[in-house]
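A.B. asks: My questions concern the predicted model and sequence given below.
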There are 2 protein chains.
Amino acid sequence: MTTSGENTEIQILVAAREVFIAKGYESARMQEIADRAGINKALLHYYFRSKENLFDAVFSEVAAHLFPAVRQLLESDLAITEKISFFVKIYLTALHENPYIPTFVINTLNSNPERFLKYIQKSGINPMMLQKQIDGEAARGLIRPIKAEHLLVNTIAMCVFPVIARPIIQNIFQMSDAEYQAYLELRQTEVIDFVHKSLAV
Amino acid sequence: MTTSGENTEIQILVAAREVFIAKGYESARMQEIADRAGINKALLHYYFRSKENLFDAVFSEVAAHLFPAVRQLLESDLAITEKISFFVKIYLTALHENPYIPTFVINTLNSNPERFLKYIQKSGINPMMLQKQIDGEAARGLIRPIKAEHLLVNTIAMCVFPVIARPIIQNIFQMSDAEYQAYLELRQTEVIDFVHKSLAV
DNA sequence: AAATTGTTTAACCATGTGGTCAAAAGTAAA
DNA sequence: TTTACTTTTGACCACATGGTTAAACAATTT
């Protein structure tokens, strides 16, 4: 077995991830992926039989990096407020490094929900424990009572939205690129603050 | 001048809006739009010279309905907390009736930012006044100090995100369609509460 | 009624796309 | 070297798509 095989397969996956994330499934072109991988288009079909297949391979990789952090955090034994802090920091940092993923996910989610949901299933994320913890801390008067499905959604929303709506925000608030970067970094403490204050009894 | 002309033009716009919003620009097919409008495909090009043109026409309509509410609200003389309440109610109701618009906007935003931004420019939304009001109320001890670009983004994020991430949320929290509808309605008071609590001094 | 103008259609075209195939090039074992 | 196998390529195909065109149809004007 030659090593060149594994090599080109990786090259293809890297190129495919770039193109799929930047353009979405429909607008991504097999030719462009081949070009970027420095190979012939037919070779794409040799390694991954179809565009659909190639996309799935790419998506698996992305999904594999997406959920573990969330799950690990939810299962840790930190206090709710601390979980929020950690979560926001981890999430915003990850988004800062991969700003195209949310749009990519949303697109996939719309054009083919099953494709995404099967990875959620596999991730084993389960909010029951979180709700229990919230109820416990609320009973002890540490935070106000709240449903997990609101707290979690609110927190993730505030992290993700600025990334997907970047052009709008930059435009309305007249931010330069540098200012927008600063804004994103400020949001870390800002979001944490916002949630903590909202949870106070 | 016959009335049939205006009629078909409207029929085309209606059909085009449905298809574009449901599928996005790339995946939308001129043939499908023609079919849904009950006309020949060539007629699309007779009224709107190209797909690009047709899309712009559709987008103008959507954008025209999107911003006035926001602007009107920001310019009203309600207290911040009341603006928030109104805004969330208006926004969530609008989203409930047009759940496909956010994804549509995000897609457009990604593939062709200028197309969207020019409508924002025209809308004349200006957050300066909002910031002034916030500063004023904060100085009087009515709310805590906060930057408008965080308060506004946070609020919109919490409204929009549940709509675009619906499949994920429904899946993780194991909600039926009916339960999800109930969840969305609950969010109205929930989001308002969340923001108000976070703004308390 | 004839002519003019606006509306609608069926058939067609050019192009780009995902995908295929047979043959070449490279590699390892006999 | 020969053989068998894998990897890579260029040329090609079928098909869908946005767009065009010439002709038919409808309505309005003269």
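C.D. replies: Structure received. Numbers count the residues shown, from 1 in each chain, chains lettered A, B, ... in the order given.
A.B. asks: C-alpha only now, for contacts and for neighbours.
C.D. replies: Will do.
A.B. asks: quick one, domains of chain A?
C.D. replies: In the assignment given by automatic domain parsing, the structural domains of chain A cover A:1-49, A:56-199.
A.B. asks: Tell me if the first one is near chain B.
C.D. replies: When you say that, I think you mean domain A:1-49. Yes. Contact between domain A:1-49 and chain B, assessed by CA under 8 Å from any CA of the partner chain, occurs at A:Lys23, A:Glu26, A:Ser27.
A.B. asks: so how far is that domain off the chain centroid?
C.D. replies: The chain centroid and the centroid of domain A:1-49 are separated by 22 Å, computed with CA atoms, centre = their mean, to the nearest Å.
A.B. asks: Run the contact check for that domain versus DNA strand C.
C.D. replies: Yes. Using CA under 7 Å from any atom of the strand, we find that domain A:1-49 touches DNA strand C at A:Met1, A:Thr2, A:Ala28, A:Arg29, A:Met30, A:Gln31, A:Lys41, A:Ala42, A:His45, A:Arg49.
A.B. asks: Tell me which stretches of chain A form helices.
C.D. replies: Listed in chain order, the helices found in chain A under DSSP state H are A:3-27, A:30-37, A:41-47, A:51-75, A:80-97, A:101-111, A:113-123, A:128-139, A:148-164, A:166-172, A:177-199.
A.B. asks: Only C-alpha atoms, please: export the third one in PDB.
C.D. replies: Going back to what we said before, that points to helix A:41-47. Output for helix A:41-47, consisting of C-alpha atoms alone and laid out as PDB, is shown next (Å, rounded to 0.1, in the frame of the first residue of the first chain):
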ATOM      1  CA  LYS A  41     -11.700  15.700 -10.900                       C
ATOM      2  CA  ALA A  42     -12.100  12.000 -11.700                       C
ATOM      3  CA  LEU A  43     -10.000  11.200  -8.700                       C
ATOM      4  CA  LEU A  44     -12.600  12.700  -6.400                       C
ATOM      5  CA  HIS A  45     -15.000  10.100  -7.600                       C
ATOM      6  CA  TYR A  46     -12.400   7.400  -7.200                       C
ATOM      7  CA  TYR A  47     -12.000   8.100  -3.500                       C
END
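A.B. asks: buried sites along that helix?
C.D. replies: Neighbour counts using 16 or more other CA atoms under 10 Å in any protein chain shown place A:Leu44 of helix A:41-47 among the buried residues.
A.B. asks: Not counting that helix itself, show me its contacts.
C.D. replies: Outside of helix A:41-47, the residues that reach it under the criterion CA atoms under 8 Å, 6 or more residues apart in numbering or on different chains are A:Glu9, A:Ile12, A:Met30, A:Gln31, A:Ala34, A:Asp35, A:Ser50, A:Lys51.
A.B. asks: quick one: average pLDDT of it?
C.D. replies: In this model, helix A:41-47 carries a mean pLDDT of 96.
A.B. asks: Stretch A:65-74 too?
C.D. replies: On average, stretch A:65-74 scores 79.
A.B. asks: Check stretch A:119-137 too.
C.D. replies: Per-region confidence: stretch A:119-137 scores 88 on mean pLDDT.
A.B. asks: who touches that stretch?
C.D. replies: Surrounding stretch A:119-137, the residues in contact under the criterion CA under 8 Å, 6+ apart are A:60, A:63, A:67-68, A:70-71, A:74-75, A:80, A:143, A:145-149, B:168, B:171-173.
A.B. asks: for chain A, what are the low-confidence residue spans?
C.D. replies: By pLDDT under 70, the weakly predicted segments of chain A are A:1-5.
A.B. asks: Could you pull up the residues touching whichever residue of chain A sits closest to chain B?
C.D. replies: Each residue of chain A has a distance to chain B, by CA to the nearest CA, and the smallest belongs to A:Ser198, at 4.0 Å. A:Ser198 sits next to B:Phe194, B:Val195, B:His196, B:Lys197, B:Ser198, B:Leu199 when contact means CA under 8 Å, 6+ apart.
A.B. asks: Report the two of those separated the most.
C.D. replies: Taking every pair in the contacts of A:Ser198 and measuring CA to CA, the maximum separation is 8.8 Å, between B:Phe194 and B:Leu199.
A.B. asks: Any idea how many residues pack against A:Tyr91?
C.D. replies: Applying the criterion other CA atoms under 10 Å in any protein chain shown, we find 19 residues in the vicinity of A:Tyr91.
A.B. asks: Please tell me I have it right and it contacts A:Ala157.
C.D. replies: No. Using CA atoms under 8 Å, A:Tyr91 makes no contact with A:Ala157, being 11.0 Å away.
A.B. asks: Over to A:Arg49: give its phi and psi.
C.D. replies: Geometry field for A:Arg49 lists phi and psi as phi -60, psi -30, criterion degrees, to the nearest 10.
A.B. asks: Relative to A:Val14, how far out is it?
C.D. replies: With distances defined as CA to CA, to the nearest Å, the gap from A:Arg49 to A:Val14 amounts to 17 Å.
A.B. asks: related to what we said a few turns ago, go through the residues of domain A:1-49 next to DNA strand C and name the one nearest DNA strand D.
C.D. replies: A:Ala42 (4.3 Å; CA to the nearest atom of the strand).
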